[in-house]
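*Asks:* Take this sequence and fold it.
(2 chains)
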Amino acid sequence: MENHLFIYNTLSRKKEAFKPLNPPFVGLYVCGPTLYSDVHIGNCRTFTSFDIIYRYLLHLGYKVRYVRNITDVGHLEDEVAGVGEDRIGKQARLKKLEPMEIVQRYAFGFREVMSLLNLLPPSIEPTASGHIPEQIEMTQKIIEQGFAYVKEGNVYFDVEKFAKANNYGILSGRALDDQLNNTRELEGQEEKKGRLDFALWKKAKPEHLMRWNSPWGEGFPGWHIECSAMSQKYLGETFDIHGGGMDLIPTHHTNEIAQSMGCCGAAPVRYWVHTNMLTLNGQKMSRSLGNVFLPVELFTGMKLAADSPSATPSQAKLDGKHPLFEKAYNPMVVRFFMMQTHYASTLDFSNEALQAAEKGFFRLMESYKTLEKLQASATSSANIKKIEEDCYAAMNDDFNTSILLAHLFECARIINSANDKKEALTQTDIELLKKIYRHFIIDVLGLKREEESGKSAGALNSVMHLLLDIRNKAKENKDYATSDQIRDHLAKSGIQVKDSKEGASWSIN
RNA sequence: GGUCCUGUGGCCGAGUGGCUAGGCUCAGCUCUGCAAAAGCUGCUACAGCGGUUCGAAUCCGCUCGGGACCUCCA
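*Replies:* You can find the predicted model right below:
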């Protein structure tokens, strides 16, 4: 199939035609979580956005190597100033656990949430702690190239020296002078030559738990070097797409570029893709602001108990209704909710918006069921081929899921109308619709149908068949008391009865 | 303070210089024993003020409002 995928590149601030370096292979790197606490739903939005990008690239036939790192070395609370406690070490001390136990717990929870949201696992999930030698080696190369200096067991990147021959602010669009003049005066910076310099390696204080040997003494790597080292190891010195939240642009990703250029002289990434933030009452959800809630709370509508041993959905202890949520929201509803907005726009969380998404999602998925029992006609009254083209056009335009959904709802309308005999579809068009739904709803958007599992589904089906049969007989006898009793009771149990000329059907809401 | 983004109908949310995005809500209609579901119809908006243009929500300027980054953060 012809593919005219365009991707918005932060580097050029334009949509660019996507041309992989070595087709059909595509290298994709996304900055993953730091495991000193549970991921919040804002983090999930970014990973979900990249899941769709990953899925669409796969759908187009690319052989994608998707690398998403796990940051599990103890970075400091104030990375720039080099002060504060190691975040993971702090949690370990507070909970009286080994740092790696902290990491393990949060990694487990993270993967469970990703799985509930139906994210495909990346090809490689490298940990920073598992790549200390690579980070040391890269740091050494940067020193050899003259872009880093050693000071009392610390290694710093020399930003001003680098900026003489390179555009340090190429990604953020910020001028070096502005950054030098507008950076806040910070404590504990006296070791650095320049105020923008950042650590490649930090000397560990005696109380620091996570530490490794290095040519510069015992210490731990700086925050940015792991992504440079690991992306280079698995994807090469230059690779196709690097993604992350847009809050990473000015510091983390800017420094990644500087490190890689300082090490090898080559720009590491061809397409930089950044997702926008999830907001709550218009304000960015972030750990530091404290306005976060957890996936398990959203999925259950309950509040995590203060003494819960974990926020991992399968292990969390819950305690009463969550003040923010009017109800529980299925992970697929949350996923659908996120897709209604383009990844580069902010997305504001609210019960109203989520409930609107829930209704839309159910309607779309119901139409999928209807599609499967649709009767073919001799002719078609709709142009399905055109809709399929529109779906590809939407995704090719920088992964515009919002537009894609508009086209899918057009399919839903046609399917429902055909079911009411107000539109006609040939068998060929029905098959094409099935293909569109499978490709875009299931494969690309990654929405799961809530199939009732195994045995109980069969039993329920059988019972429902019987009940609707009894109700139908009652209706034929004009015994509406009985028929309404069945319908109303089922409604209370969350099962909706839907009458039509062909008979009654049902769905669980 | 600096840099940048943004302001769309009751709500959420796309968007190209000229042609109905879509979802949800609400009202009416069709269908129906009643309802639900489904379909149809309607509510047709682009913060304000100027400017460019035959024509602007879409380009430019100013004003007002919201936000992000500059410090860890997806």
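*Asks:* make it CA atoms for all contacts and neighbour counts henceforth
*Replies:* OK.
*Asks:* Distance check, the residue of chain A found nearest RNA strand B against residue A:19.
*Replies:* When scored by CA to the nearest atom of the strand, chain A has residue A:245 as its residue closest to RNA strand B, at 2.4 Å. According to CA to CA, to the nearest Å, residue A:245 stands 23 Å off from residue A:19.
*Asks:* Look at residue A:36 and tell me its secondary structure.
*Replies:* Following DSSP: H, G, I helix; E, B strand; the rest coil, the label given to residue A:36 is coil.
*Asks:* Could you check the pLDDT of the nearest residue in space to it that is not next to it in sequence?
*Replies:* Nearest residue to residue A:36, sequence neighbours excluded (CA to CA, 6 or more residues apart in numbering): residue A:88, at 4.9 Å. Residue A:88 is assigned 80 on the pLDDT scale.
*Asks:* neighbours of residue A:88, just the number please.
*Replies:* The number of residues packed around residue A:88, counting by other CA atoms under 10 Å, is 28.
*Asks:* quick one: the strands in the stretch 151-300 of chain A?
*Replies:* Assigned by DSSP state E, counting those that start in this stretch, the strands in the stretch 151-300 of chain A fall at A:154-157, A:198-203, A:219-221, A:239-245, A:269-275, A:278-280, A:283-284.
*Asks:* Turn those strands into TSV, columns for distance to residue A:364, mean neighbour count and mean pLDDT.
*Replies:* As requested, the strands of the stretch 151-300 of chain A are arranged in TSV below (distance: least, CA to CA, whole Å; neighbours: other CA atoms under 10 Å; pLDDT from 0 to 100):
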stretch	distance to residue A:364	mean neighbour count	mean pLDDT
strand A:154-157	52	26	95
strand A:198-203	49	26	93
strand A:219-221	48	26	94
strand A:239-245	29	23	96
strand A:269-275	26	21	96
strand A:278-280	24	20	92
strand A:283-284	30	16	90
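*Asks:* Who are the contact partners of the residue nearest to residue A:36?
*Replies:* Applying CA atoms under 8 Å, 6 or more residues apart in numbering to residue A:88 gives the contacts A:35, A:36, A:72, A:73, A:74, A:75, A:99, A:102, A:103.
*Asks:* So which of those is surrounded by the most neighbours?
*Replies:* Highest neighbour count within the contacts of residue A:88, by other CA under 10 Å: residue A:73, with 29 neighbours.
*Asks:* check contacts around that one.
*Replies:* Residue A:73 touches A:88, A:128, A:129, A:210, A:220, A:221, counting by CA under 8 Å, 6+ apart.
*Asks:* what's the answer for residue A:414, then?
*Replies:* Residue A:414 neighbours (CA under 8 Å, 6+ apart): A:382, A:423.
*Asks:* Likewise for residue A:255?
*Replies:* residue A:224.
*Asks:* What's opposite the residue of chain A closest to RNA strand B in the beta bridge?
*Replies:* Counting by DSSP bridges, residue A:245 forms beta bridges with residue A:275.
*Asks:* so it makes contact with residue A:276?
*Replies:* Yes - contact criterion CA atoms under 8 Å: residue A:245 and residue A:276 qualify, at 6.2 Å.
*Asks:* Common neighbours of the two, please.
*Replies:* Common neighbours of residue A:245 and residue A:276 (CA under 8 Å, 6+ apart) are residue A:46.
*Asks:* For the stretch 301-450 of chain A, which segments count as strands?
*Replies:* Under DSSP E, counting those that start in this stretch, the stretch 301-450 of chain A gives strands at A:302-304, A:318-321, A:347-349.
*Asks:* mind checking how far the longest one is from the chain centre?
*Replies:* Same thing as strand A:318-321. Between the centre of strand A:318-321 and the centre of its chain there are 26 Å (CA atoms, centre = their mean, to the nearest Å).
*Asks:* mind saving the C-alpha coords of it as PDB?
*Replies:* The C-alpha coordinates for strand A:318-321 follow below in PDB (Å, rounded to 0.1, in the frame of the first residue of the first chain):
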ATOM      1  CA  LEU A 318      -9.000   0.600  48.300                       C
ATOM      2  CA  ASP A 319     -10.800   2.800  50.700                       C
ATOM      3  CA  GLY A 320     -14.100   4.500  49.800                       C
ATOM      4  CA  LYS A 321     -15.200   6.500  46.900                       C
END
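*Asks:* can you list contacts of it?
*Replies:* Against strand A:318-321 from outside (CA under 8 Å, 6+ apart): A:301, A:302, A:303, A:304, A:305, A:308.
*Asks:* Ok, the last one next?
*Replies:* The set of residues that contact strand A:347-349 without belonging to it, under CA under 8 Å, 6+ apart, is A:276, A:277, A:278, A:279, A:280, A:281, A:282, A:338, A:341.
*Asks:* Can you say which of the strands of the stretch 301-450 of chain A is nearest to residue A:295?
*Replies:* strand A:302-304 (10.3 Å; CA to CA).
*Asks:* Show the secondary-structure elements that that closest one is packed against.
*Replies:* Contacts defined by 3 or more CA pairs under 8 Å, 6 or more residues apart in numbering; DSSP states H and E place strand A:302-304 against helix A:295-300, strand A:318-321.
*Asks:* list the contacts for the residue of chain A closest to RNA strand B?
*Replies:* Counting by CA under 8 Å, 6+ apart, residue A:245 makes contact with A:46, A:274, A:275, A:276, A:277.
*Asks:* Now residue A:205: closest residue in space that isn't a chain neighbour?
*Replies:* residue A:219 (8.0 Å).
*Asks:* you'd agree the one you found is up against residue A:213?
*Replies:* Yes - the pair residue A:219 / residue A:213 is scored as a contact, 6.5 Å apart, by CA under 8 Å.
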